[in-house]
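>>> below are the sequence and a predicted model; questions follow.
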Amino acid sequence: MSYSVGQVAGFAGVTVRTLHHYDRAGLLSPGERTPAGYRQYGEADLARLQQILFYRELGFSLDEIAAILADPQASAVEHLRERHRRLNEQIVRLQRLVEVAERAMDVQRTGVHLSPEERFEVFGDVAFDLSYATDAHLKWGRSEGHRQAMARAAAHTKEDWRQLMAEAADWRGRLLAAFDEGADADGDRARGLAEEHRQHVARWFTPCPHEMHCRIADDYVEDARAFALVVPPAEQRAGLAAYVRQAVHANAAAAAAGDGGTQ
C-alpha cells in the first residue's frame, strides 16, 4: 500500500512543504510515483520518516540525521550519546533560568521601582546589561554573597543609589587619573584604590573578602559587560580592566602578607 504526500502529512503531523523539503534534501525521497508524477510513499518510506521525526524531536539537524541514516550502526549511538549530554546541560541551564525568573520576580516585589528618567538621572552612562545580569546569576546565583547582594540592591532607595553612584564616580575619576599618570598597578596608589573598591562593594552590597574581590576583578577582564558596570565604555582605556585586576590582586597579596592590606 502507498500513500499520497497529503495523506502522509496528515497522519505524520507535518506539512506537505516539510515533506517536499525532505525530498529535495535527499533525506526522504518517496519510493514510488503515480503515472502523473505525484509522490507516493510506501511502508519503507514511512518507517524512514518515523526515524527522521524521532531525531528531529531530539533536536538533531537534518545533516546530522542524514549522517545517522546513512550508516545507523556506526553513527546512531555516538550521536545519541552526545545529544543526551547536551540535553542534560540544557535542562540544568533552563532550571537555573527558572531560578533567575523567580529571583527577578522577588526583586520586582521588594525593590524600589525607578522610572526611566530616574534611572538615567541616577545611573547616567553606566549601563546595566540584562544579559550580563542573567549570566552572572547563572554563574554566582547559588552563592550566599550573590543572593545577599541582590537582596540589598533591591532594598536600596533612590537616594541610596544616588549616593552609591556618586561614590563610584569619584573613585572612577581617581582611578582614571592614576592609570593615565602611569601609577604602578601594584603600587600603593593603585592598591589603595583597589581597597576602596572592595570596601565600596562591602558597604553597599555584600561582604567582600579579598578572594571574592579577586574573582570580581577577574570578571572585569573576562567580560566587558562586567567592567562596563564600573567604567562606562566611553571612559575606558585599553588595558584599564587588566590594570584594575592587577591592583586588586596586589592588594589581596599585600593583605595576606600583612603589608598594608585590609582584611
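Happy to help now that I have it.
>>> which residue ranges of the stretch 1-150 of the chain form helices?
With DSSP state H, counting those that start in this stretch as the criterion, the stretch 1-150 of the chain has helices at 5-12, 16-24, 43-57, 62-70, 72-110, 116-123, 130-140, 144-155.
>>> let me know the outermost residue of the chain.
P35 (55.7 Å; C-alpha atoms, centre = their mean).
>>> residues contacting T18?
A9 (C-beta atoms under 8 Å, 6 or more residues apart in numbering). C-betas here are computed from N, CA, C, even on glycine.
>>> from R56, how far out is it?
For T18, the distance to R56 (C-beta to C-beta, to the nearest Å) stands at 10 Å.
>>> can you give me the end-to-end span of stretch 223-231?
From its first residue to its last, stretch 223-231 covers 13 Å (C-alpha to C-alpha, to the nearest Å).
>>> buried ones in it?
Neighbour-count burial for stretch 223-231 flags 223, 225-231 (criterion: 16 or more other C-beta atoms under 10 Å).
>>> can I get these in JSON lines with distance to I68?
What follows is the buried residues of stretch 223-231, written out as JSON lines (distance: C-beta to C-beta, whole Å):
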{"residue": "D223", "distance to I68": "37"}
{"residue": "R225", "distance to I68": "39"}
{"residue": "A226", "distance to I68": "41"}
{"residue": "F227", "distance to I68": "44"}
{"residue": "A228", "distance to I68": "44"}
{"residue": "L229", "distance to I68": "46"}
{"residue": "V230", "distance to I68": "49"}
{"residue": "V231", "distance to I68": "50"}
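>>> so where is the stretch 1-150 of the chain shaky, pLDDT-wise?
72-75, 99-147, 149-150 (pLDDT under 70).
>>> who does Y41 bridge with?
Beta bridges link Y41 to Y3 when assigned by DSSP bridges.
>>> residues near it, how many?
By the criterion of other C-beta atoms under 10 Å, Y41 has 24 neighbours.
>>> I figured it hits L49, correct?
Yes: checked against C-beta atoms under 8 Å, the pair Y41 and L49 is within contact range at 7.4 Å.
>>> and whichever helix or strand D170 is part of, what's buried?
In the assignment (DSSP states H and E), D170 maps to helix 158-180. By 16+ other C-beta under 10 Å, the buried positions in helix 158-180 come out as 161, 164-165, 168, 172, 175, 178-179.
>>> go on, stretch 78-93?
H79.
>>> ok, now stretch 42-59?
45-46, 48-49, 52-53, 55-56.
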